[in-house]
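> following is a predicted model, sequence given first.
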Amino acid sequence: MVSFIVIGRNEGWKLSRCFESVIKAVHYNSLEEYELIYVDSNSSDDSIQRAKEFSPISIIKLTTVYNSAIARNIGAKIATGNTLLFLDGDMELIEEFLKLIYDQKNKFLHPLIGGRMLHKYHDSEGNFLYDKSYINNKSPFYKSITGGSFIINSEIWHKVGGMDNRFIAGEDPELGLRLAATGCLLLSIPSTFVIHNTNERKASKITDLLNQKKHLFSNMLIYRKNIFNRHTLKRFWRHEKSLIALISSLALVLATGIIPFIALYLVFVLLRVRNNHFRQIFIDYTYYLIRDISCLLAFLLFYPIKINTDKIHYERESV
């Protein structure tokens, strides 16, 4: 049986679209055994009422502490299916995708499956602006991280303990890295899995960086927690080259006492931001300096406390 687990907080019309897409997928794929679970993170809008329109559904409302990791863990805890399909409340499931992930014996191709995400951008009034897909793989491949939408065998989920609720962001790739360490990589299918309805952000590059500092801190927690995981090291090398340059330069300064060695990092960053426009060079240069220094401090100093289960309270809503 497939358990569709939707999490959300104040998603409004996006949440209704999400539930509609799940019901449509159920009918399109003739699923006889399924359950729909919605975990709400104490929404102040009409999310609960919207969810009640899609019976049969189990609705859980978190009432004390909440984040995406907690919500998914609670959803998986009450789920009875042997397969868990996770969606965020601002996503729409593509019904045809489920046809692609079964083998000839009508079993899932792999214990952990994902696919492409199509981002649909809207203005503040909910009007559609444009869409964009960032992954265009033409054949299936395996990777070591997950996103907010994925399909997983429930036994494997519980075996690794679900998501780490210390993460206020980045909880999904961290789970993927832990799963990869056990030998379970995510099978990415070259087809659109979900549509992500999101709002367009018009902040400057530096302002956007400052607004997303929780993601930077979470990334550093991911690296520190999984530092002996080879998949983590590969990800660190691929995505954090300027931070590696900063660490290397500081290591040389500490080892030799020659402060000018820090210039190696400054030169490396300058080479990364080559541009014909001085203003853009300045913006990009400042961006890397702020980002790398913030990441290094977060790696050394960011130690969030794991939330005990006895502090997590929730209510079951009557449908």
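Here it is on my side, so go on.
> correct me if wrong: residue 224 contacts residue 303.
No - if you go by CB atoms under 8 Å, residue 224 and residue 303 don't touch, sitting 9.0 Å apart. In short, each C-beta sits where N, CA and C put it, glycine included.
> please identify which of the two sits among more neighbours.
residue 224 (14 against 9; other CB atoms under 10 Å).
> endpoints of stretch 58-76, how far apart?
Terminal residues of stretch 58-76 lie 12 Å apart, using CA to CA, to the nearest Å.
> all helices of the stretch 101-250 of the chain, in order?
154-159, 171-181, 205-211, 213-225, 230-239, 241-256 (DSSP state H, counting those that start in this stretch).
> between these, which has the poorest mean confidence score?
Here the helices of the stretch 101-250 of the chain differ in mean pLDDT, and the lowest is helix 205-211 at a mean of 66.
> ok, now which ones touch residue 299?
Residues in contact with residue 299 (CB atoms under 8 Å, 6 or more residues apart in numbering) are 220, 223-224.
> can you put those in a markdown table and add distance to residue 137?
Listed next are those as a markdown table, based on distance: CB to CB, whole Å:
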| residue | distance to residue 137 |
| --- | --- |
| 220 | 28 |
| 223 | 25 |
| 224 | 30 |
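> okay, now residue 38: neighbour count?
By other CB under 10 Å, 29 other residues sit near residue 38.
> does residue 73 touch residue 167 like I think?
No - between residue 73 and residue 167 there is no contact under CB under 8 Å: 11.4 Å.
> of the two, who's got more company?
Taking other CB under 10 Å, residue 73 and residue 167 do not tie; residue 167 has more neighbours (25 against 20).
> quick one: residue 129 and residue 121, what's the gap?
5 Å (CB to CB, to the nearest Å).
> what's the overlap in contacts for those two?
Shared contacts of residue 129 and residue 121 (CB under 8 Å, 6+ apart): residue 200.
> the two - which one has more neighbours?
Taking neighbours as other CB under 10 Å, residue 129 and residue 121 compare with residue 121 leading, 15 against 10.
> show me what contacts residue 10?
43-45, 47.
> counting neighbours, what do you get for residue 111?
Neighbours around residue 111, by other CB under 10 Å: 18.
> that one and residue 152 touch, don't they?
Yes - taking CB under 8 Å as the definition, residue 111 is a contact partner of residue 152 at 6.6 Å.
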